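*Asks:* okay, predicted coordinates and the sequence, questions at the end:
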Amino acid sequence: MRFKLFLILLSVLGVQSCAFNYDGDFLDQDYSVAVLGSSGNDRVYDLISQSGNLLIAGSFGASDGDFSEIPVTEEAAFLLWTDQNGLPEDILSINGNGRDSFRKVRVDRDNGFIAAGLTYSESAPFFGDGSGNIFIARISPNRALEWVKTYGGSGFDQVHSVIVTPDMDYLLAGTTTSRDGIFASNGGFSESVFVIRLNREGEPQWVRVFSGNRSEEVRGMHLSPDNNIEVTGFTQSDTGVFENIAINGSNTIFKLSIDLEGNLLDVKGYGGSGEDNLNYSTMLISGELLLAGNTFSADGDFTDRNVDISSAAFFMRIDPEGSISQIMILSGNNFDMATAVATLSGRRFALAGRTQSSRLHPKESNVLLTDRFFITVLDAAGEIEKIISGGGTASDTITSSVRMLSGRVVFAGNTSSTNGDFSENNGGTDIFLVIPEL
């Protein structure tokens, strides 16, 4: 295997709200980019840090390039570890007879790992039904696969989040269209939210399904300081558990609070009358939630949006009581969305996403741009310090971020560009890492 990317990598109290129109004044192109992939479609879904090392979770589509000599049918799930210098230490991949991917990974209590994903395989080690099932894999501290368990019904089941409870059980959150199997209790219309608690052996302890009359999507699950489960996402429903938060829009952002026994404690909603999509959430040690997404609303919680061109990116802070403490809206002259947040020193934040706005690229104002990545640094007062933008001329999307022990922030994403920052693309969709100077 060759891992060229790592050679490059070596090296507010009260409610605040503001909107910003891109005009190029804040542009700063100081960043390093690296590409990892095969000739197939390769994707990163999660990125975490362990003792200063990187752990990347995703899927790859061919046994060549950076994944040479690793068997794959259609798409294989992989975990890639690096050392503190960014050099590859180990890779683990699993694959059945279909498409498989790791979506989330967390460090377990014994310094092992628990990883959750999506499988379309009907063969070992998954034995799903091919319709799209959830799987969870336990990896030992020495990075050996210990077991794989598969869950779901005859519909489409996908996991978004996995966390470890204080008593060392596992929690899974995602969405399902199944009405049978482990989700027999689902009475929803389309995609419903699920939370599953598993014991250390991966056996279900309880399953809860939360639904309305339309579809839901999960974008995060976090354990609060008082050990409540906080599930975030967005919904189109205006009945069921979401009845009291509907804001007459096509999508409403939600936060479900659940105790460790699976009892629903509270439901809160955020947004306006337009389509509001949550793409990313993370929780600070204080219990404060940081949300990133995109909105078509110009009212409700997004009243201060001062343009109505297309989708605007947003950054939202939710205090431990569930109230909004800050909103930052970033809008250009085309489609913009935020897809990740990272915490920085000095109570600053980095908001990352993708943009089609040409005003981010004044030298290319006459070029039809597709999706390029952006990283916006916000100071402690919510003001913009700088904006970094890059990519190629195809689709470049940041999906996750992690802050290393050194204080450096690494963003990961997927690209189909073969030029610009991604001229080393191996073919299809590749994985990229960005280290900005923040």
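*Replies:* Nice, thanks for sending it over. Worth saying up front: this structure is predicted, and the values here are computed from it rather than measured.

*Asks:* which residue is the nearest non-sequential neighbour of residue 319?
*Replies:* Excluding the flanking residues, the one nearest residue 319 by CB to CB, 6 or more residues apart in numbering is residue 325, at 4.9 Å. Yep, even glycine has a C-beta here, placed from its N, CA and C like the rest.

*Asks:* burial count for the one you found?
*Replies:* Using other CB atoms under 10 Å, residue 325 has 18 other residues around it.

*Asks:* find me the pLDDT at it, would you?
*Replies:* Residue 325 carries a pLDDT score of 95 in this model.

*Asks:* how about residue 408?
*Replies:* So residue 408 comes in at 88 (pLDDT).

*Asks:* OK, contacts around it?
*Replies:* By CB atoms under 8 Å, 6 or more residues apart in numbering, the residues touching residue 408 are residue 435.

*Asks:* just to revisit the earlier point, touching, the residue nearest to residue 319 and residue 291? I think so.
*Replies:* No: using CB atoms under 8 Å, residue 325 is not in contact with residue 291, being 11.3 Å away.

*Asks:* in the chain, which helix or strand is least confident?
*Replies:* Among the helical and strand segments of the chain, the one scoring lowest on mean pLDDT, DSSP states H and E is strand 16-21, with a mean of 36.

*Asks:* circling back to that earlier point, joint contacts of residue 325 and residue 291?
*Replies:* 317, 318.

*Asks:* quick one: contacts for the closest residue to residue 240 other than its chain neighbours?
*Replies:* Excluding the flanking residues, the one nearest residue 240 by CB to CB, 6+ apart is residue 212, at 3.8 Å. Taking CB under 8 Å, 6+ apart, we find residue 212 in contact with 188, 189, 235, 236, 237, 238, 239, 240, 241, 242, 243.

*Asks:* change it to 10 Å
*Replies:* Residue 212 sits next to 188-190, 192-193, 235-243, 245-246, 254 when contact means CB atoms under 10 Å, 6 or more residues apart in numbering.

*Asks:* write the ChimeraX selection for whichever of the residues you listed are buried.
*Replies:* Typed into ChimeraX, the line below selects the buried ones among those, using 16 or more other CB atoms under 10 Å:
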select :188,189,190,192,193,235,236,237,238,240,241,242,245,246,254
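
*Asks:* now for residue 57: which residues touch it?
*Replies:* 43-48, 77-80, 101-106, 113, 115-117, 400, 412.

*Asks:* also residue 255?
*Replies:* Listed by CB under 10 Å, 6+ apart, the contact set of residue 255 reads 220, 222, 230-233, 245, 266-270, 278, 281, 289, 291, 318, 322.

*Asks:* hmm, which of those residues are the buried ones?
*Replies:* 220, 222, 230-233, 245, 267-270, 278, 281, 289, 291, 318.
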